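*Asks:* Got a predicted structure here, sequence first:
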Amino acid sequence: MPLCHPVVPLLSRWLSVGVVILAGVLRALPAEAGPLKAGVGKVDVSRADAGPCKPPLYVRTLAVSDGETTVVLASIDAVSIGQIGHIGNQYLARVRQRLKDELGLDPSRFAINASHCHGVICGDVEERTVEAVRQALARLEPVTVGTAVGHEDRIMENRRIRLKNGREADVRHAYSMPAEEAVAGVGPVDPQIGVLRVDRVDGRPLAVVYNFAVHPILGVPSGSNTADLTGFSSQVIEEVLGNDAVALFVQGCGGDINPVTYKDPARPRDAEPLGNLLALSTLKAWRQVRPEVDPQLKQFGVPLELPRADLADRIEAQEAELQRLLKTLRGTTLNLKTFLPLVMRYRLDPDFPSQYSPAYLQERVLGRPDLDALDVSNRAAMEAYVQNIQTMEEMTRVQTNLALLRMHHAQNVEAGKRTLDVELTALRIGEFRLLTFPGELTVRIGLNLKDKAPHKPTFIAGYTNGYIYYAPTAEQLLNVGNAQEDSDCLLAPEWQEIFENKAVEMLKRLD
Ligand SMILES: [Zn+2]
């Protein structure tokens, strides 16, 4: 009789619904071992005799294997992989050779991104990099992976300023800002944070890879050695996640992206608050990540030849510009000592700057307004002095950039060929797709490629597997001599189309 009770079929239906729900929950939780294994490594690369380093500089590694292919992505708190800074030009080749000889890793499976912080690293960085890879490979364990896109727009700004004369100037400490009345607008930023979450199968975090575009060059108030903004963000992420999880920052297309407050003379230069914001935004995205079913691992590198610039004409044009500016300098009655008090006086009281007002009024009644005439003359003298100062500021910009053009012209001539060899890599870990390039890509290149990419999201990293200085757009290269990125560059404008076409082709191969 109880079997015929109407509640039984109802109960059985609930139970079966419950099983379906439970099965859904189990699928959503990272309870099963995925097909991928991963391990992490982390070694301090701060230079001991450079004094205290806060936060320390690290090389961090993430090894991922699907059983057939093993890939290692590394992130190092250094300005670049070769050419400038403390890492030698033979570093990458030597590290790869050692990874092959000592660890059996296919050298083409190793990619390393420089955060572009300007910290001082140790002399035995090759040894320590190999050690970090050794750690990662020794600790491979089953993992789940997932991807999310975070958002951060409070910590950076485009450093190229559009001017009313059609040119672009740059926010740098190497030269002064353009006059306010010359400014027409600012360039774009990329607020995306590309986040790859790698967890152990019991749910404990193992690694976070996060890609973002910003120059980590703010420093710390003490002026000490530092991994800068992105060193702080990685430190916060690692402290919050615990479990010896490693946060690998991968620098994006930050060529023309500065941290905010970079040139604020009214406050100490402090990267920590900005790093904290980047960390919190990354963690916010990290929490949204769900483990992927059957994640794929793909990776390959492609060599590419890019055209070198012929900078001779541009150097000539900038030298002519320097001479033109020089000739516009005019004699002035004022010098700094007499100019500054006058500025104060004329700002304080524009109506009666030179004397108490009754003196002006008395002169006007008598029909001989000498003070009014003096003010006309002083204002003209101040204007002439300001004009000279602005010309001098313009000359410092041109001269600084001219030095960069001359240096790169010499390098291009010395190379003995018209092309520059670079290595691009494409990496896919689940739905996390990353394309890398060795130069300082400007943000428009990153935004272009993210737009053209066959899959969204796709992330782009400069500063990887080598260093070829700045890589601005073809349009930005027409501005040669007015901003750093278009002067601190080896490439001819045609490079952009060649690179972007190859990048899209490579991204298609990740499917
Ligand atoms: Zn840079």
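*Replies:* Right, received. Where do you want to start?
*Asks:* Can you identify each of the helices in the stretch 151-300 of the chain by residue range?
*Replies:* Counting by DSSP state H, counting those that start in this stretch, one finds helices in the stretch 151-300 of the chain at the ranges 228-241, 272-288.
*Asks:* between those, which gets nearest to A74?
*Replies:* With CB to CB, the closest approach to A74 among those belongs to helix 228-241: 13.1 Å. The way it works is simple: take the backbone N, C-alpha and C, and place the C-beta from them, glycine included.
*Asks:* send the alpha carbons of the closest one over as PDB?
*Replies:* Extracted C-alpha coordinates of helix 228-241, given in PDB (Å, rounded to 0.1, in the frame of the first residue of the first chain):
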ATOM      1  CA  ASP A 228      57.500  48.500  -9.200                       C
ATOM      2  CA  LEU A 229      53.800  48.500  -9.800                       C
ATOM      3  CA  THR A 230      53.500  45.000 -11.200                       C
ATOM      4  CA  GLY A 231      55.800  43.600  -8.500                       C
ATOM      5  CA  PHE A 232      53.400  45.000  -5.900                       C
ATOM      6  CA  SER A 233      50.300  43.600  -7.800                       C
ATOM      7  CA  SER A 234      51.900  40.100  -8.000                       C
ATOM      8  CA  GLN A 235      52.800  40.200  -4.300                       C
ATOM      9  CA  VAL A 236      49.300  41.100  -3.300                       C
ATOM     10  CA  ILE A 237      47.700  38.400  -5.500                       C
ATOM     11  CA  GLU A 238      50.100  35.800  -4.100                       C
ATOM     12  CA  GLU A 239      49.500  36.800  -0.500                       C
ATOM     13  CA  VAL A 240      45.700  36.800  -1.000                       C
ATOM     14  CA  LEU A 241      45.700  33.400  -2.700                       C
END
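*Asks:* list the helices and strands it packs on?
*Replies:* Counting contacts by 3 or more CB pairs under 8 Å, 6 or more residues apart in numbering; DSSP states H and E, the secondary-structure elements packed against helix 228-241 are strand 58-65, strand 205-212, strand 246-251, helix 272-288.
*Asks:* what angle separates the shortest one from strand 58-65?
*Replies:* Looking back up the chat, that one is strand 246-251. Put simply, strand 246-251 runs at 100 degrees to strand 58-65, going by axes from the mean of the first three to the mean of the last three CA atoms, to 10 degrees.
*Asks:* which strands and helices sit next to strand 246-251?
*Replies:* Using 3+ CB pairs under 8 Å, 6+ apart, the elements in contact with strand 246-251 are strand 37-44, strand 58-65, strand 70-76, strand 110-114, strand 205-212, helix 228-241, strand 459-461.
*Asks:* Could you dump the helices and strands packed on helix 228-241 into TSV and include mean pLDDT, distance to A384 and mean neighbour count?
*Replies:* Putting the helices and strands packed on helix 228-241 into TSV (pLDDT from 0 to 100; distance: least, CB to CB, whole Å; neighbours: other CB atoms under 10 Å) gives the following:
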stretch	mean pLDDT	distance to A384	mean neighbour count
strand 58-65	98	54	26
strand 205-212	98	46	27
strand 246-251	98	45	28
helix 272-288	98	41	20
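*Asks:* Including distance to R167, could the ones you listed go into JSON lines?
*Replies:* Formatted as JSON lines, these follow (distance: least, CB to CB, whole Å):
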{"stretch": "strand 58-65", "distance to R167": "40"}
{"stretch": "strand 205-212", "distance to R167": "28"}
{"stretch": "strand 246-251", "distance to R167": "27"}
{"stretch": "helix 272-288", "distance to R167": "29"}
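*Asks:* wait, which of the ones you listed is closest to E319?
*Replies:* If you check each of the helices and strands packed on helix 228-241 against E319 by CB to CB, strand 246-251 wins as the nearest, at 34.1 Å.
*Asks:* which intervals of the stretch 351-500 of the chain have sub-threshold pLDDT?
*Replies:* Within the stretch 351-500 of the chain, the stretches with pLDDT under 70 are 481.
*Asks:* related to what we said a few turns ago, and D264, which of the helices and strands packed on strand 246-251 is closest to it?
*Replies:* helix 228-241 (14.8 Å).
*Asks:* Columns distance to Q387 on top of the helices and strands packed on strand 246-251, output as JSON lines?
*Replies:* Compiled in JSON lines, the helices and strands packed on strand 246-251 are given as follows (distance: least, CB to CB, whole Å):
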{"stretch": "strand 37-44", "distance to Q387": "52"}
{"stretch": "strand 58-65", "distance to Q387": "50"}
{"stretch": "strand 70-76", "distance to Q387": "47"}
{"stretch": "strand 110-114", "distance to Q387": "42"}
{"stretch": "strand 205-212", "distance to Q387": "41"}
{"stretch": "helix 228-241", "distance to Q387": "38"}
{"stretch": "strand 459-461", "distance to Q387": "43"}
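*Asks:* Quick check: which of the ones you listed is nearest to A93?
*Replies:* Put simply, out of the helices and strands packed on strand 246-251 the one that sits nearest A93 is strand 110-114, at 11.0 Å, with distance taken as CB to CB.
*Asks:* just checking, next helix/strand downstream of the closest one?
*Replies:* On the C-terminal side of strand 110-114, the nearest following helix or strand under DSSP states H and E is helix 125-138.
*Asks:* A483 - how many residues pack around it?
*Replies:* If you count neighbours by other CB atoms under 10 Å, A483 ends up with 26.
*Asks:* re the thing from before, quick one, which of the helices and strands packed on helix 228-241 gets closest to V145.
*Replies:* That would be strand 58-65 among the helices and strands packed on helix 228-241, by CB to CB, at 8.0 Å.
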